[in-house]
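Colleague: Kindly return the folded structure for what I paste below:
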Amino acid sequence: MNPFSFKKRLTADGSYTLFSDEMEESYHSVNGAAQESRHIFIETGLKQVKHTFIRVFEVGFGTGLNALLTWAVCKEKGIQVRYETIEAFPIDESIIPELKYDQYATNLPAQAFARLHSSSWGETIIIDPCFSLRKIQANFTDFYPEGPYDLIYMDAFAPDKQPEMWEEWLLKRLYEALSEGGILVTYCAKGEIRRRLQRCGFQMERLPGPPGKREMLRAIKPSKK
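Modeller: This next block holds a predicted model:
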């Protein structure tokens, strides 16, 4: 059971996020939930992987928006994605229809967003010929990603809200789970997080962030020479 309660909140681009009064944190930027996910995880992450079969691991399934947008790009581009994601506290399914995220993936079947949430946990589900989904309900701090992955979405709550999710030894696990040349993207641009990722072995890039955020980080696992 989720220890925090979340309520729907409208963001600046007209899309919804969920906000917790107790945590004083939302799942997405209040400057625009949909545009944040597209900018960080799709444009600077998914679309930079030049394979026709992409293995994605997401830290923090959350509302499922990143998974939905990834599926939509798969459908559009004719690529295949194996999507794995971990979430300790799934959101209450009763609030899912209120988010109205299907409007951001109009090339997908009706009720695509609801299907992501209704899919069984702990199993690999063929959602679409181009998209398989495995949701893992577990604490990230106790989890060893199997990999190898081509792309990691690091989308845990911010380090000042969930510092345990950003410990260097956990970031090292993500580094080890990536294939050579693999990419990790995150909205977090804090200097200490960038330095931790560097110490893990990543080559770091500071990139322009989405509206309302100056920077984001992209980390690349170098290929062996």
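Colleague: Contact partners for the nearest residue to H39 once chain neighbours are set aside?
Modeller: Among residues not flanking H39 along the chain, P210 sits closest, at 3.9 Å (C-beta to C-beta, 6 or more residues apart in numbering). Where you see a C-beta, it was placed from the backbone N, CA and C, and this is true even at glycine. P210 makes contact with S29, N31, G32, Q35, E36, R38, H39, I40, Y187, M216, according to C-beta atoms under 8 Å, 6 or more residues apart in numbering.
Colleague: tell me the SS of P210?
Modeller: Under DSSP: H, G, I helix; E, B strand; the rest coil, the three-state class of P210 is coil.
Colleague: how about the helices in this protein?
Modeller: For the chain, the helices defined by DSSP state H occupy 33-37, 65-77, 96-99, 112-118, 168-177, 191-200.
Colleague: Mean neighbour count, mean pLDDT and distance to K7 for these - can I get that in TSV?
Modeller: Compiled in TSV, the helices of the chain are given as follows (neighbours: other C-beta atoms under 10 Å; pLDDT from 0 to 100; distance: least, C-beta to C-beta, whole Å):
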stretch	mean neighbour count	mean pLDDT	distance to K7
helix 33-37	26	97	14
helix 65-77	22	97	17
helix 96-99	16	94	10
helix 112-118	19	96	17
helix 168-177	17	98	29
helix 191-200	16	98	28
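Colleague: For G45, find the nearest of those.
Modeller: Between G45 and the helices of the chain, the shortest gap by C-beta to C-beta is with helix 65-77, which sits at 9.0 Å.
Colleague: for stretch 88-98, the distance to its chain's centre please.
Modeller: Per C-alpha atoms, centre = their mean, to the nearest Å, the displacement of stretch 88-98 from the mean C-alpha position of its chain is 16 Å.
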